[in-house]
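J.: I would like the atomic coordinates for the input below:
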Amino acid sequence: MFETMIRNWFMESDGSYNDFITAPFIDDVEAMNEYMNQVAMTTFRYFDTGSKPTGEEPERFYHGFVLGLMVELSGRYVLTSNQESVFGRYDVTLKPVNAKKDDRIILEFNVYQPKKEKSPENTVKAALQQIEEKRYEAALVVRGGEKGNIRKYGFAFSGKNVLIGKAGPRNLSGTGGNP
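T.: Below is the predicted model of the structure:
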């Protein structure tokens with residue numbers, strides 16, 4: 001039911017949905033940012049994202065939305081949500097069916113909280129730091145993955161604005177919105 005619902009949302013799209021799905025595999029954070037901000041601006045509503053930027057309610061909304069986008073990958077990847085890994089509970093992992101061909105992916109979602117963080121960039125950095133500190137990759141490495149084949153993305157959400165960054169030499173790629 002959810003798969004059909006998500007497909008219908010994007011059936012008449014210009015192909016950018018497919019671009020979002022492939023972007024994490026080619027490290028195109030700009031495409032991820034552009035797509036997420038376009039969708040957020042045109043479809044998210046005040047009550048969707050929660051009335052207050054604190055608490056788990058807004059993060060659950062964003063989590064469910066991104067997870068719904070990723071359902072298209074179910075034949076190529078095993079999607080896992082909210083599972084424990086060493087010191088914490090990650091938001092989403094994508095484990096490839098063909099581990100020798102495809103990279104593993106970790107997605108961590110945080111809601112920007114102006115009282116706690118100076119900027120959305122800090123929120124993304126906190127999400128990426130959480131991935132490292134809580135050792136979320138351990139669940140992927142145990143199942144045959146090599147550390148070098150794991151892509152890590154941090155999401156900062158603020159209302160209708162999204163900023164996505166990746167772990168690596170350049171911690172934040174792309175421009176994203178202005179949360």
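J.: where exactly do the strands run in this protein?
T.: Listed in chain order, the strands of the chain (DSSP state E) span 77-81, 84-85, 88-89, 92-96, 104-111, 150-158, 161-166.
J.: lowest-confidence stretch among the ones you listed?
T.: Of all the strands of the chain, mean pLDDT reaches its minimum on strand 84-85 (a mean of 74).
J.: What residues does the residue nearest the centre of the chain make contact with?
T.: The chain has L107 as the residue nearest its centroid, 4.2 Å off, counting by Cα atoms, centre = their mean. Contacts for L107 (Cβ atoms under 8 Å, 6 or more residues apart in numbering) come out as V66, Y90, D91, V92, T93, L94, Y153, F155. For every residue, glycine as well, the C-beta is placed using N, CA and C.
J.: That one bridge partners, please.
T.: Applying DSSP bridges to L107 gives these bridge partners: V92, Y153.
J.: Show me the shaky parts of the protein.
T.: 1-2, 4-18, 46-58, 142-148, 168-179 (pLDDT under 70).
J.: May I have stretch 105-122 exported as PDB, CA atoms only?
T.: What follows is stretch 105-122 as a C-alpha-only set of coordinates in PDB (Å, rounded to 0.1, in the frame of the first residue of the first chain):
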ATOM      1  CA  ILE A 105      24.600   3.400   3.300                       C
ATOM      2  CA  ILE A 106      23.800   5.000   6.700                       C
ATOM      3  CA  LEU A 107      21.300   7.900   7.000                       C
ATOM      4  CA  GLU A 108      21.000   9.900  10.200                       C
ATOM      5  CA  PHE A 109      18.200  12.500  10.600                       C
ATOM      6  CA  ASN A 110      18.300  15.400  13.000                       C
ATOM      7  CA  VAL A 111      16.000  18.300  13.400                       C
ATOM      8  CA  TYR A 112      17.700  21.700  13.600                       C
ATOM      9  CA  GLN A 113      17.200  23.300  17.000                       C
ATOM     10  CA  PRO A 114      18.200  27.000  17.000                       C
ATOM     11  CA  LYS A 115      18.500  27.000  20.800                       C
ATOM     12  CA  LYS A 116      21.000  24.200  20.800                       C
ATOM     13  CA  GLU A 117      22.900  24.700  17.500                       C
ATOM     14  CA  LYS A 118      24.300  27.700  15.700                       C
ATOM     15  CA  SER A 119      23.300  26.600  12.200                       C
ATOM     16  CA  PRO A 120      21.900  23.700  10.200                       C
ATOM     17  CA  GLU A 121      25.500  22.900   9.200                       C
ATOM     18  CA  ASN A 122      26.100  22.200  12.800                       C
END
